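# fold the following and give me the result.
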Amino acid sequence: MPNIEDRHRNLIKHLALGAGRILLMHYESDLKMEMKGEINPVTIADRDSEDFIIGKIRKMFPTHSILAEETGEEIGKSDWLWVIDPLDGTTNYAHHYPTFCVSIALFYQERPVLGVVYHPLLKEFFYAERGRGAFLNDKPIRVSKVDMLGKAFLSTGFAYDVHETEEDNVDNFRAFLKQSLAIRRGGSAALDLAYTACGRLDGFWEMRLHPWDTAVGILLVEEAGGRVSTFNGSDFNIYNREILASNGLIHEQMIEVLKNRSQIK
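A predicted model of the protein is given here:
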């Protein structure tokens, strides 16, 4: 384990709160959503939030590596890596649909050690530290105790390229719809994972994600007592494109649904 210091903790909290203020400032305006490439939306808020976060990190930790959504590639080569989503839920945000967040993780030697997911509209601050637990507004959180998939409240999402890829998650959605209590599609993987960590959701799965979508959530879920894997149950890392997260109690049941989805009617 690395030596996590107060300067790491204080900075990641400062970054999330500051970026949240930037998002709220732009949220009150008439936002224009642009497209980066043909399918991926972006707003001025994404860029301003990311510029703020990266600027502060470079000032305090100039040798640390950075991987951020709008920058798109890892900057630097260090044991320390910051993984940043300056605005998760851009489409929601641009349409004033109130489900979006800032997501910032700090990795050491490819393992997440600190993470924050901040929902500025609700002022909900999810925080996790490796070996020290997961918290919502400074109160410890734990995953749910639901142990039957038929009683489970789940969430998922669909990638921006859902219109053009065969990996569209529709078959998985249909299978879980038949096997679970209910499913929601919130539009922010970071919040879905945070909600799994605090027990609002019992499980979450999604495909075609990027490192900044899952970097904080995997730490939150694990520190809250849950489990994170790929669809077949193998170890997950942020460069995997598919994720399965749960309270642990329904994890094997969810793996079975994903494995047998074509047979579920």
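# who's in contact with Ala189?
88, 157, 204, 206, 209, 213-214, 217, 243 (CB atoms under 8 Å, 6 or more residues apart in numbering). Glycine gets a C-beta too; all of them are placed from N, C-alpha and C.
# give me that answer again for 10 Å
Contact partners of Ala189, counting by CB atoms under 10 Å, 6 or more residues apart in numbering, are 85, 88-89, 101, 103, 155-157, 204, 206, 209-210, 212-214, 216-217, 243, 245.
# helix or strand for the residue lying closest to it once chain neighbours are set aside, which one?
If you skip the residues right next to it in sequence, Ala189 has Asp213 as its closest partner in space, 4.3 Å away by CB to CB, 6 or more residues apart in numbering. Using DSSP states H and E, Asp213 maps to helix 211-223.
# can you name the element that comes right after that helix?
Next in sequence after helix 211-223, counting helices and strands by DSSP H and E, comes strand 227-229.
# so what strands line up beside that following strand?
The pairing partners recorded for strand 227-229 under DSSP bridges are strand 242-246 (antiparallel).
# in the stretch 51-200 of the chain, which spans are helices?
90-94, 170-179, 189-197 (DSSP state H, counting those that start in this stretch).
# wait, Gly233 touches Arg227, no?
Yes. Assessed by CB atoms under 10 Å, Gly233 is found in contact with Arg227 at 9.1 Å.
# neighbour count winner among the two?
Just comparing Gly233 and Arg227: by other CB atoms under 10 Å the higher neighbour count belongs to Arg227, 21 against 16.
# in ChimeraX, select just the buried ones from the contacts of Ala189.
Buried subset of the contacts of Ala189, written as a ChimeraX selection, criterion 16 or more other CB atoms under 10 Å:
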select :85,88,89,101,103,155,156,157,204,206,209,210,212,213,214,216,217,243,245
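# dihedrals phi and psi, Trp205?
Note on Trp205: backbone dihedrals following degrees, to the nearest 10 are phi -140, psi 150.
# my read: it touches Phe158, true?
No. Using CB under 10 Å, Trp205 makes no contact with Phe158, being 11.6 Å away.
# which one's more surrounded, the two?
Neighbour totals were compared for Trp205 and Phe158, and Trp205 leads with 25 against 17 (other CB under 10 Å).
# how close does the more buried one get to Glu223?
Counting by CB to CB, to the nearest Å, the gap between Trp205 and Glu223 amounts to 20 Å.
# cool, and Glu70?
Glu70 is 28 Å from Glu223, by CB to CB.
# now the weakest link among the helices of the stretch 51-200 of the chain, please, by mean pLDDT.
If you rank the helices of the stretch 51-200 of the chain by mean pLDDT, helix 90-94 sits at the bottom with a mean of 91.
# which helices and strands sit right next to that helix?
helix 6-27, strand 40-42, helix 44-60 (3 or more CB pairs under 10 Å, 6 or more residues apart in numbering; DSSP states H and E).
# deepest-packed of the helices of the stretch 51-200 of the chain, please.
Mean neighbour counts were compared across the helices of the stretch 51-200 of the chain using mean count of other CB atoms under 10 Å; the top stretch is helix 189-197, at a mean of 29.
# what about it, distance to the chain center?
6 Å (CA atoms, centre = their mean, to the nearest Å).
# what about Ile104, how many neighbours?
27.
# residues contacting it?
Listed by CB under 10 Å, 6+ apart, the contact partners of Ile104 are 11-13, 15-16, 19, 53, 57, 68, 82-86, 114-118, 190, 212, 215-216.
# relative to Arg174, which of the helices and strands packed on helix 90-94 is closest?
Closest to Arg174 of those, according to CB to CB: strand 40-42, at 25.8 Å.
# give me the residue at the spatial middle of the chain.
Ala190 (2.1 Å; CA atoms, centre = their mean).
# Phe126 is in contact with that one, correct?
Yes. If you go by CB under 10 Å, Ala190 and Phe126 touch, sitting 8.8 Å apart.
# any residues in contact with both of these two?
With CB under 10 Å, 6+ apart as the test, Ala190 and Phe126 both reach 101, 103, 115-119, 216-217, 220.
# doesn't Gly131 make contact with Ile4?
Yes. In terms of CB under 10 Å, Ile4 counts as a neighbour of Gly131; the distance is 9.0 Å.
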